[in-house]
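Asker: Sharing a sequence plus its predicted fold:
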Amino acid sequence: MRKNWRLLALMLLLGWGSLAYAQVVGTVTNLSGVLTARHPDGSVRVMGSKSEVLQGDTLITQANTYARVKFMDDGEIVLRPASELVVKSYLYDAEKPEKNNVAMGLVKGGLRAVTGLIGKRNHDAVSFDTPTATIGIRGTHFGALFCQNDCGGVPTPSGAMPANGLYVDVAQGAVVLTNNGGQQVFQAGQFGYVANLNTPPVIVPPTQGVPVTMPQSISRNSPNPQSIGSARVNACMVQ
């Protein structure tokens, strides 16, 4: 019996230890609503403002929740409601930039992202996987929204619900979308759409684009009046 208790205590210690020593890669800076982090071991933690984001976390926003995260290289991401983002890898070493790597996975919902130092040093070191395409960055501020019969409340220029697929809008720099159907570069001011994994990404006119918008309370750092990327585009503002 005593042996079993010792074994259980060792397992608990190893579990807590692995969580305690998991690498901190970012911090929640702005939060409106309920944000949770699911760790690789399956445990779930309710996040708050100033909560630490760990490598391997899956960040999940509930309905009506917006969350902003600042990462250790000064990159930033703002999540929309009902979104799920996996922080697959966030490796940053200021002294060894060749080892730096950022790999994110947008499972559902939408986000706005601003490139940090890693992406400025090496564009190829940053990527965002989605169900329909991989997003590469080129010194970028961009928005991404993946719709799967769940974008009924998303505002569009036409007022109609967005069709299923991935939408991107670029405020600064450029992004490149790649999937089984091909590859397409999107420059600042352009909108893109990818219907599915096997359909080529295409540039769409602004009247068919879906800008990913965020409330000013989340996208703006008080007392700094500037929002993320607001110098070039108002895509972070409520439309």
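Answerer: Great, that's in hand. Residues are numbered from 1 along each chain as shown.
Asker: so where is this structure shaky, pLDDT-wise?
Answerer: 1-21, 220-239 (pLDDT under 70).
Asker: Helices along the chain, start to end?
Answerer: Ranges of helices within the chain are 2-20, 117-121, 216-219, based on DSSP state H.
Asker: And the shortest one, what does it pack against?
Answerer: Where contact means 3 or more CB pairs under 8 Å, 6 or more residues apart in numbering; DSSP states H and E, helix 216-219 is packed against strand 24-32, strand 66-71. For the C-beta atoms, the positions are set from N, CA and C on the backbone; glycine is no exception.
Asker: try it again with 10 Å
Answerer: Applying 3 or more CB pairs under 10 Å, 6 or more residues apart in numbering; DSSP states H and E, one finds that helix 216-219 contacts strand 24-32, strand 66-71, strand 76-79.
Asker: Let's have these in CSV, adding distance to residue 161.
Answerer: Putting the helices and strands packed on helix 216-219 into CSV (distance: least, CB to CB, whole Å) gives the following:
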stretch, distance to residue 161
strand 24-32, 24
strand 66-71, 20
strand 76-79, 21
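Asker: Save the ones you listed as JSON lines, and put in mean neighbour count and distance to residue 42 too.
Answerer: Below are the helices and strands packed on helix 216-219 laid out as JSON lines (neighbours: other CB atoms under 10 Å; distance: least, CB to CB, whole Å):
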{"stretch": "strand 24-32", "mean neighbour count": "18", "distance to residue 42": "19"}
{"stretch": "strand 66-71", "mean neighbour count": "23", "distance to residue 42": "21"}
{"stretch": "strand 76-79", "mean neighbour count": "24", "distance to residue 42": "21"}
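Asker: closest one to residue 124 among those strands?
Answerer: Among those, the nearest to residue 124 by CB to CB is strand 66-71 (17.7 Å).
Asker: Dump that closest one to CSV, restricted to CA.
Answerer: C-alpha atoms of strand 66-71 as CSV (Å, rounded to 0.1, in the frame of the first residue of the first chain):
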residue,chain,number,x,y,z
TYR,A,66,-11.8,38.9,-27.0
ALA,A,67,-8.3,38.3,-25.8
ARG,A,68,-4.9,39.9,-26.6
VAL,A,69,-1.6,38.2,-26.0
LYS,A,70,1.9,39.7,-26.2
PHE,A,71,4.7,37.2,-26.8
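Asker: who does it pair up with?
Answerer: strand 24-32 (antiparallel), strand 76-79 (antiparallel) (DSSP bridges).
Asker: max-length strand in this protein?
Answerer: For the chain, the longest strand by residue count, based on DSSP state E, is strand 101-114.
Asker: what angle do it and strand 24-32 make?
Answerer: 20 degrees (axes from the mean of the first three to the mean of the last three CA atoms, to 10 degrees).
Asker: Residue 171: how many residues sit nearby?
Answerer: Neighbour count of residue 171, defined by other CB atoms under 10 Å: 23.
Asker: Looks like it contacts residue 112 (just checking).
Answerer: Yes. With contact defined as CB atoms under 10 Å, residue 171 reaches residue 112; the gap is 8.2 Å.
Asker: Leaving aside the residues adjacent along the chain, what's closest to residue 121?
Answerer: Nearest non-adjacent residue to residue 121, counting by CB to CB, 6 or more residues apart in numbering: residue 97, 4.8 Å away.
Asker: Buried residues in the longest strand of the chain, which are they?
Answerer: Going by neighbour count (16 or more other CB atoms under 10 Å), the buried part of strand 101-114 is 101-106, 108-114.
Asker: cool, and stretch 188-201?
Answerer: 188, 190-194, 199, 201.
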